[in-house]
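Participant: sequence? don't have it. structure:
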């Protein structure tokens, strides 16, 4: 029972980490009013700079967490995040806001590296697939909650109300996890390699790198689909598509995805999810802009990719036995995941403009094939190493 409560508390901390992105998304118009004259790129940087930190330092964070201990890292990261949100509620100048977001990027990165590492160690073997899939839902759940909770806060208290609510959540989770998490094990001993050598070692390992390589293809596709599809859905079905895509993704990952993880390896589930997504992209291309058919394709793609999402995180403990290895694999997921979210939307948007829906579908199908192929190659490498 204590393990289940602790897993839920870590997941709740993940909700706070996702809100480090989400709070800025819901406050984007308010930020445009606050920073009058700022270009769209400058305003977009307030959102994206948190992810840029993960893109640059993802694997480094995994190594750092392995050295200092996951409990210390996540409690400190939550406290840091609470302090930055509290500071942002004061109404900062643009340069100070950017500086605070860089610090939030460090906080966010530590949480998303530590979260799956701790959950993998706490969950019993038979519940590990469920626990890792629950963790993978934290972004979708957070955005759904913010869509409901942020507007009333914004009306009643302005942007400061959203920042303060987030600060209180982060501080509360820091206190909660400080109380419920077990103490950190002794730091691993041995010679420490340079950062470049550590990156090479991680990405050369078919166990450490495989979850991240498969996850890159997911983030390349998923965020882009959520961004590009709803605006071209006819107005009558647009709200349904925009809300339904993340919800069906979460629902399928927590139901069918968990059921599949109890019956086959996480790697096979990832590959199956990618294969299942291909007909959805074909359906999207066939019915682009045509209402029910396009919505069906969008929901199909979101459902299939939701299975990939949960299974990718479940692959971390399946392929890596020690907390140190899991932390490094989670760091790689953070790094390549941010690379996917950064590149996917502009690439697929350019294809949609230049080559139309079939151009997008063709490249999306290639990305799905790459996700399947990368896992197949890494599986063969693991088999040869036995």
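Facilitator: Okay, I see it. None of the values given here were measured: they were computed from a predicted structure. Numbers count the residues shown, from 1 in each chain.
Participant: Walk me through the domains of this protein.
Facilitator: 1-192, 195-386 (automatic domain parsing).
Participant: if you compare the ones you listed, which one is most tucked away?
Facilitator: Comparing these by mean neighbour count (mean count of other C-beta atoms under 10 Å), domain 195-386 ranks first with a mean of 20. Glycine gets a C-beta too; all of them are placed from N, C-alpha and C.
Participant: ok so, going back, now the domains of the chain in JSON lines, with mean pLDDT?
Facilitator: Below are the domains of the chain laid out as JSON lines (pLDDT from 0 to 100):
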{"stretch": "domain 1-192", "mean pLDDT": "84"}
{"stretch": "domain 195-386", "mean pLDDT": "87"}
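Participant: Residue 337 reaches residue 212, doesn't it?
Facilitator: Yes - look at residue 337 against residue 212 with C-beta atoms under 8 Å: they come within range, at 7.3 Å.
Participant: check contacts around the spatially most central residue of the chain.
Facilitator: Geometric centre of the chain, nearest residue: residue 139, 6.1 Å, by C-alpha atoms, centre = their mean. Residues near residue 139 by C-beta atoms under 8 Å, 6 or more residues apart in numbering: 18, 21.
Participant: and it, backbone torsions?
Facilitator: When read as degrees, to the nearest 10, the backbone of residue 139 gives phi -70, psi -50.
Participant: Would you confirm that residue 295 contacts residue 242?
Facilitator: No - contact between residue 295 and residue 242 fails when scored by C-beta under 8 Å: they sit 10.2 Å apart.
Participant: and for those two, which residues touch both?
Facilitator: Common neighbours of residue 295 and residue 242 (C-beta under 8 Å, 6+ apart) are residue 233.
Participant: Okay, the residue nearest to the centre of the chain and residue 72: tell me how far apart.
Facilitator: 25 Å (C-beta to C-beta, to the nearest Å).
Participant: Against which helices or strands is the host helix or strand of residue 246 packed?
Facilitator: Using DSSP states H and E, residue 246 falls within helix 235-252. Counting contacts by 3 or more C-beta pairs under 8 Å, 6 or more residues apart in numbering; DSSP states H and E, helix 235-252 packs against helix 138-157, helix 210-228, helix 292-319.
Participant: Might you calculate how far that helix sits from the centre of the chain?
Facilitator: 18 Å (C-alpha atoms, centre = their mean, to the nearest Å).
Participant: Which stretches in the stretch 1-150 of the chain count as helices?
Facilitator: 2-26, 28-34, 40-68, 70-88, 94-122, 128-136, 138-157 (DSSP state H, counting those that start in this stretch).
Participant: Could you verify my assumption that residue 300 touches residue 278?
Facilitator: No - contact criterion C-beta under 8 Å: residue 300 and residue 278 do not qualify, at 9.9 Å.
Participant: quick one: which of the helices and strands packed on helix 235-252 is nearest residue 201?
Facilitator: Nearest to residue 201 among those is helix 210-228; the distance by C-beta to C-beta comes to 13.6 Å.
Participant: distance of residue 8 from residue 23?
Facilitator: Taking C-beta to C-beta, one finds residue 8 at 22 Å from residue 23.
Participant: now do residue 86
Facilitator: 12 Å.
Participant: Now list whatever residues contact both of these two.
Facilitator: Joint contacts of residue 86 and residue 23 (C-beta under 8 Å, 6+ apart) are residue 163.
Participant: how big is the angle separating the helix or strand hosting residue 199 from helix 210-228?
Facilitator: Per DSSP H and E: residue 199 is located in helix 195-204. Relative orientation of helix 195-204 with respect to helix 210-228: 90 degrees, computed using axes from the mean of the first three to the mean of the last three C-alpha atoms, to 10 degrees.
Participant: Against which helices or strands is helix 195-204 packed?
Facilitator: Here helix 195-204 touches helix 40-68, helix 323-385, going by 3+ C-beta pairs under 8 Å, 6+ apart.
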